[in-house]
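Chemist: model this:
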Amino acid sequence: FTADQAWWLERIKDVIAVSVEITPDDLDGAPFTERGGIDGYAGTFGDRAEPLLTELNQELTA
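Modeler: Numbers count the residues shown, from 1 in each chain. Alright, predicted model coming up:
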């Protein structure tokens, strides 16, 4: 993962730790808005953006 992707993944992990899952709506709130919210996430991960959220929710909540 790039440094930018690692930033996103660390913050997504923090949300999942508190909320049990992350949704696309969560990406339009703090702290994600400082990197463009859902659009910034999609731009960073491209075609992997949606499947990655699904995988993270499955793996980190197991």
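Chemist: When you work out contacts or count neighbours from here on, use the C-alpha atoms and nothing else.
Modeler: Fine.
Chemist: mind checking how far Gly43 is from Glu59?
Modeler: 23 Å (CA to CA, to the nearest Å).
Chemist: Now name the helix or strand holding the spatially most central residue of the chain.
Modeler: When CA atoms, centre = their mean is applied to the chain, the residue found nearest the centroid is Ile12 (4.3 Å). Here Ile12 is covered by helix 3-19, with elements defined by DSSP states H and E.
Chemist: what residues does the following helix or strand past that helix touch?
Modeler: Downstream of helix 3-19, the first helix or strand assigned by DSSP H and E is helix 37-45. Here helix 37-45 makes contact (CA atoms under 8 Å, 6 or more residues apart in numbering) with 4-5, 8, 24-25, 27-29, 32, 35, 49-50.
Chemist: where does the closest residue in space to Gln5 that isn't next to it in sequence land on pLDDT?
Modeler: Of all residues not flanking Gln5 in the chain, Thr44 sits nearest, at 6.4 Å (CA to CA, 6 or more residues apart in numbering). Note for Thr44: predicted pLDDT of 97.
Chemist: burial of Thr44, as a residue count?
Modeler: Here the number of neighbours of Thr44 (other CA atoms under 10 Å) works out to 17.
Chemist: what bits of this protein have low per-residue confidence?
Modeler: 62 (pLDDT under 70).
Chemist: one more time with 50, if that's ok
Modeler: For the chain, no stretch is flagged by pLDDT under 50.
Chemist: Val15 and Pro24 touch, don't they?
Modeler: No: in this structure, Val15 is not within contact of Pro24 by CA atoms under 8 Å, at 11.8 Å.
Chemist: quick one: common contacting residues for those two?
Modeler: When CA under 8 Å, 6+ apart defines a contact, no residue borders Val15 and Pro24 alike.
Chemist: Could you list the buried residues of stretch 19-29?
Modeler: By 16 or more other CA atoms under 10 Å, the buried positions in stretch 19-29 come out as 21-23, 26-28.
Chemist: Next: stretch 4-16.
Modeler: Counting neighbours by 16+ other CA under 10 Å, stretch 4-16 gives 8-9, 12-13, 15-16 as buried.
Chemist: Just the residues contacting that stretch, thanks.
Modeler: So stretch 4-16 is contacted by 21-22, 31-32, 41, 44-45, 57, 60-61 (CA under 8 Å, 6+ apart).
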